[in-house]
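Asks: return a 3D structure for these sequence lines:
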Amino acid sequence: MAVDLEMPVLIVDDYKTMLRIIRNLLKQIGFNNVDEATDGKAALERMQQRKYGLVISDWNMEPMTGLELLKQVRVDESLRETPFIMITAESKTENVVAAKEAGVNNYIVKPFNAATLKSKLTSVLGDF
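Replies: Model prediction:
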């Protein structure tokens, strides 16, 4: 089954430059239906209003971190199945383990490029 490039994607990062970079990378890959949130709390509110085919979230944010957002998504009946990719500047083993235990679909360490993002997306969503 081909990936729907028109599906809504939510990117979450408290750093505007990073939001722009991720949006541009997604556009290079072919995704154009991209929404943004600047923290986990805002992202959760958006997810409760609109169904997303994918969430790409930064780890370190205030007041709600990407990990806390992921945990909230996984306990919510209506959001539980949403594919979730975590982005972090740190590749500490305990972070990877914590994200896996919380139900993350994949993990990207900064910095990354379109090819890395596409390979992570393919592993989560399938070929496109």
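
Asks: need the helices for the chain, in chain order.
Replies: Counting by DSSP state H, the chain has helices at residues 16-29, 40-49, 66-75, 93-102, 114-125.

Asks: okay, these in JSON lines with distance to Ile108 next?
Replies: Placement of C-beta: from N, CA and C, glycine included. Formatted as JSON lines, these follow (distance: least, C-beta to C-beta, whole Å):
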{"stretch": "helix 16-29", "distance to Ile108": "10"}
{"stretch": "helix 40-49", "distance to Ile108": "17"}
{"stretch": "helix 66-75", "distance to Ile108": "11"}
{"stretch": "helix 93-102", "distance to Ile108": "11"}
{"stretch": "helix 114-125", "distance to Ile108": "5"}
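
Asks: out of these, which one sits most buried?
Replies: helix 66-75 (a mean of 20; mean count of other C-beta atoms under 10 Å).

Asks: now that one: average pLDDT?
Replies: Averaging pLDDT along helix 66-75 gives 98.

Asks: could you list the residues in contact with it?
Replies: Residues outside helix 66-75 that contact it (C-beta atoms under 8 Å, 6 or more residues apart in numbering) are 12, 40, 43-44, 47, 55, 57-60, 64, 79-80, 82, 84, 86-88, 98-99, 102-104.

Asks: need the contact list for the residue nearest to the spatial centre of the chain.
Replies: Centroid-nearest residue in the chain, with C-alpha atoms, centre = their mean: Ile56, separated by 1.2 Å. Going by C-beta under 8 Å, 6+ apart, Ile56 touches 9-12, 22, 26, 85, 87.

Asks: 7 Å - rerun?
Replies: Shown in contact with Ile56 (C-beta atoms under 7 Å, 6 or more residues apart in numbering): 9, 11, 22, 85, 87.

Asks: what's around the closest residue to Asn95 other than its chain neighbours, how many residues?
Replies: Nearest residue to Asn95, sequence neighbours excluded (C-beta to C-beta, 6 or more residues apart in numbering): Thr88, at 6.1 Å. Number of residues near Thr88 (other C-beta atoms under 10 Å) recorded here: 19.

Asks: no further questions, thank you.
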